[in-house]
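**Student:** Sequence first, then the predicted structure, then my questions.
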Protein chains: 2
Amino acid sequence: MDAQQIAQVRRFNRVVTQRVGALEDSYLARGRPLGQARLLFEIGPEGAELRGLRDRLRLDSGYLSRLLRALEEQGLVAMEASGDDARGRRVALTPAGLAEHAAYESGSQDFAATLLAALAPAERERLVKAMAEVEALLEASVVTIAFERPDTADAIACLSAYFAELDRRFQGGFDPGAPVERLAEGLAADGHFLMARREGRPIGCVALVPLDEATGEIKRLWIDASARGAGLSRRLMERMEDKARALSLTRLVLDTNRTLAEAQALYRRLGYQQIGRYNDNPYADHFFEKRLA
Amino acid sequence: MDAQQIAQVRRFNRVVTQRVGALEDSYLARGRPLGQARLLFEIGPEGAELRGLRDRLRLDSGYLSRLLRALEEQGLVAMEASGDDARGRRVALTPAGLAEHAAYESGSQDFAATLLAALAPAERERLVKAMAEVEALLEASVVTIAFERPDTADAIACLSAYFAELDRRFQGGFDPGAPVERLAEGLAADGHFLMARREGRPIGCVALVPLDEATGEIKRLWIDASARGAGLSRRLMERMEDKARALSLTRLVLDTNRTLAEAQALYRRLGYQQIGRYNDNPYADHFFEKRLA
DNA sequence: CGAATTATCTGACTAAAGTCAGGTAATGGA
DNA sequence: TCCATTACCTGACTTTAGTCAGATAATTCG
């Protein structure tokens, strides 16, 4: 990355934190300490477990407790017992708290609207588009990618999400042929499993299964809907190719269904070439291979 | 503007202030209270007047004084008398202060680099481009546009910048034919003058001079280089069209030089049609008109 | 069951941030 | 010249933010 890019990022950081950060805070504060305001906002109309609040806002448990006491005295929140674990507790907004929350919501909306109102419609659209792009790529930049065991709860959640999506998208649905757990165990025995996480939560995966001395098969490429469009699948695939090279494989193959157009486009962009059928997978319509340098 | 746009802006605000704002602060702090760190950073290698610091950082004068005392005790800054007003004071960084400032600079660079390093080169480029777009449009959104007298110092600065640019761009240079001040007085007598400012500083202008009962001429459209590409000229032109309609004009005309290609493109986009020469301006090569609805 | 762990709360702190009411010296206008 | 204003400083506060060491009750694991 070059100096110009770094300079642009810094300029962006400066402008945005000034223009957005400070102002948003002032809209959010509403004459209340910012800590209390943020907490009230984070609790939200559905209420929340204290545990989660501590994690999301990175608060010391003593501090959180005190903030809650303050909001409680103002009649804005009420504490409740948590469902399954009697140690944990929940907070919910009282009617007064809900009203305050709504005021925050509309303040934040007003702020966004003010920002947009200063622009002509065409520029407005450009701004919104560019913001979406920045947001998606910033999210992508905090994604971590690592090889993991495919039989952990998180990995199985990924595989299940993948199968569920295939079931939705294939005409006639999709049946993996065996329980997810069994397939995961199989992968653990003879494959490699790469997982992408954002803030700890799994958002994507891909598997590699050696077929013979020289050939590996790419399987189970899945990206959560919230993480698409930021080049994550490419990052996963490239990382897996590195692995294949490290395993001395010289050829990767994969199959795919005709409804997965964006996947096919990705494979082509990555240098995969269409080949003839190499397995009897009834769901597969297209077959690809790539020679590894 | 629609709800989706507002929602996108809010999401952007949330993600960016979390990802960028908080982290940048931690890079900036370097084990020093954030207030002191910000002040040190803001003083900069050239030093600064206390007055300006108070304004830019919105600090109480007592608080600023105290922060400076703290930095002084650490040997990072030195106070000096201000040039013209013996009440005012300046701060400058000592060698130790300069070293700390440099450390902040490099920390901020590291942060930007870390952000980019997590992305593949193609995404990196997309991110930088989108950041530039957001930055430019956010800047544009704090631009204020208003009719002002054309014979103030700021307005004359705009007109001078305009003439200087024409002089640079025209083959053979440009001679306005009279001193800027005289032309400004003329405009004040029979025209209307619209000015764009960003944080108080003039960054663009346009003038309207009625030619007869029904026709007005658009002149002196200028946008500072730092403000181009965000649709400001369009905003100025549209605002001036509104003014023309309010004056019951039904037709606007303007002339332009062949080297100003982007201006011609703008006029066409705004619905101006090319017509024959309507004056004897020796610098004009193309003539346009627009019928007002 | 008993020991270790976990979730929350309370009390006792400290540091940082920010406010307010004077006070002094320089400046500018009547 | 005199008086209001301005720029900065100092002292005396208050509020926020955040930390840390127990205490208590529920849960989990061996």
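**Tutor:** Nice, I can see it. Residues are numbered from 1 along each chain as shown, chains lettered A, B, ... in the order given.
**Student:** what about the helices in chain A?
**Tutor:** Assigned by DSSP state H, the helices in chain A fall at A:3-16, A:23-29, A:34-43, A:50-57, A:61-73, A:95-117, A:121-141, A:153-169, A:180-190, A:232-246, A:261-269.
**Student:** if I look at A:I156, how far off is A:T144?
**Tutor:** As for A:I156, its distance to A:T144 is 19 Å (criterion: C-beta to C-beta, to the nearest Å). Yep, even glycine has a C-beta here, placed from its N, CA and C like the rest.
**Student:** Model confidence score at A:D285, please.
**Tutor:** According to the per-residue confidence, A:D285 scores 94 in pLDDT.
**Student:** neighbours around it, how many?
**Tutor:** Counted with other C-beta atoms under 10 Å in any protein chain shown, residues neighbouring A:D285 total 14.
**Student:** Double-check it against A:A261; I have them as touching.
**Tutor:** No. If you go by C-beta atoms under 8 Å, A:D285 and A:A261 don't touch, sitting 11.2 Å apart.
**Student:** and for the two, which residues touch both?
**Tutor:** When contacts are counted by C-beta atoms under 8 Å, 6 or more residues apart in numbering or on different chains, A:D285 and A:A261 are jointly contacted by no residue.
**Student:** returning to what we had before: higher neighbour count, A:I156 and A:T144?
**Tutor:** When neighbours are counted by other C-beta under 10 Å, A:I156 and A:T144 differ, and A:I156 comes out ahead with 18 against 11.
**Student:** about what we covered before: okay if I get the helices of chain A as TSV plus mean pLDDT and distance to DNA strand D?
**Tutor:** Formatted as TSV, the helices of chain A follow (pLDDT from 0 to 100; distance: least, C-beta to the nearest atom of the strand, whole Å):
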stretch	mean pLDDT	distance to DNA strand D
helix A:3-16	89	20
helix A:23-29	77	8
helix A:34-43	93	3
helix A:50-57	91	8
helix A:61-73	94	3
helix A:95-117	89	15
helix A:121-141	89	22
helix A:153-169	89	13
helix A:180-190	87	19
helix A:232-246	93	32
helix A:261-269	93	39
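**Student:** Can you tell me which of those helices is nearest to B:L57?
**Tutor:** Distances from B:L57 to each of the helices of chain A were compared using C-beta to C-beta; the shortest belongs to helix A:3-16, at 13.5 Å.
**Student:** got the CA positions of that closest one in PDB?
**Tutor:** Extracted in PDB, the C-alpha atoms of helix A:3-16 (Å, rounded to 0.1, in the frame of the first residue of the first chain):
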ATOM      1  CA  ALA A   3       1.800   6.700   1.000                       C
ATOM      2  CA  GLN A   4      -1.100   8.300  -1.000                       C
ATOM      3  CA  GLN A   5      -3.500   5.600   0.200                       C
ATOM      4  CA  ILE A   6      -2.400   6.100   3.800                       C
ATOM      5  CA  ALA A   7      -2.700   9.800   3.500                       C
ATOM      6  CA  GLN A   8      -6.300   9.400   2.100                       C
ATOM      7  CA  VAL A   9      -7.300   7.100   5.000                       C
ATOM      8  CA  ARG A  10      -5.900   9.600   7.500                       C
ATOM      9  CA  ARG A  11      -7.700  12.500   5.900                       C
ATOM     10  CA  PHE A  12     -10.900  10.500   5.900                       C
ATOM     11  CA  ASN A  13     -10.400   9.600   9.600                       C
ATOM     12  CA  ARG A  14      -9.900  13.200  10.500                       C
ATOM     13  CA  VAL A  15     -12.900  14.600   8.500                       C
ATOM     14  CA  VAL A  16     -15.300  11.800   9.500                       C
END
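**Student:** Which strands or helices does that helix pack on?
**Tutor:** Judged by 3 or more C-beta pairs under 8 Å, 6 or more residues apart in numbering or on different chains; DSSP states H and E, helix A:3-16 is in contact with helix B:95-117, helix B:121-141.
**Student:** Let me know which of those helices is tucked in deepest.
**Tutor:** Across the helices and strands packed on helix A:3-16, averaging neighbours per residue (mean count of other C-beta atoms under 10 Å in any protein chain shown) puts helix B:121-141 on top, at a mean of 20.
**Student:** quick one: that helix to helix A:3-16, angle?
**Tutor:** Our comparison of helix B:121-141 with helix A:3-16, counting by axes from the mean of the first three to the mean of the last three C-alpha atoms, to 10 degrees, yields an angle of 40 degrees.
**Student:** Does chain A have contacts with helix B:121-141?
**Tutor:** Yes. Among the residues of helix B:121-141, B:121-128, B:130-135, B:137-141 lie within reach of chain A under C-beta under 8 Å from any C-beta of the partner chain.
**Student:** Run the chain-centre distance for that helix.
**Tutor:** For helix B:121-141, the distance between its averaged C-alpha position and the chain's averaged C-alpha position is 17 Å (C-alpha atoms, centre = their mean, to the nearest Å).
**Student:** Would you mind pulling up the elements that that helix packs against?
**Tutor:** Of the remaining helices and strands, those touching helix B:121-141 by 3+ C-beta pairs under 8 Å, 6+ apart are helix A:3-16, helix A:95-117, helix A:121-141, helix B:95-117.
**Student:** Include distance to DNA strand C when you put these into a markdown table, please.
**Tutor:** Formatted as a markdown table, the entries for the helices and strands packed on helix B:121-141 read as follows, by distance: least, C-beta to the nearest atom of the strand, whole Å:
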| stretch | distance to DNA strand C |
| --- | --- |
| helix A:3-16 | 18 |
| helix A:95-117 | 16 |
| helix A:121-141 | 25 |
| helix B:95-117 | 15 |
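**Student:** Tell me which of these sits nearest to B:A207.
**Tutor:** helix A:121-141 (23.2 Å).
**Student:** Show me the contact partners of that closest one.
**Tutor:** Contacting residues not belonging to helix A:121-141 are listed as A:12, A:116, A:119, A:198, A:227, A:229-232, B:1, B:5, B:8-9, B:11-12, B:15-16, B:19-20, B:115-116, B:118-119, B:123, B:126-127, B:130-131, B:133-134, B:137-138, B:140-141, B:230-231, B:234 [C-beta under 8 Å, 6+ apart].
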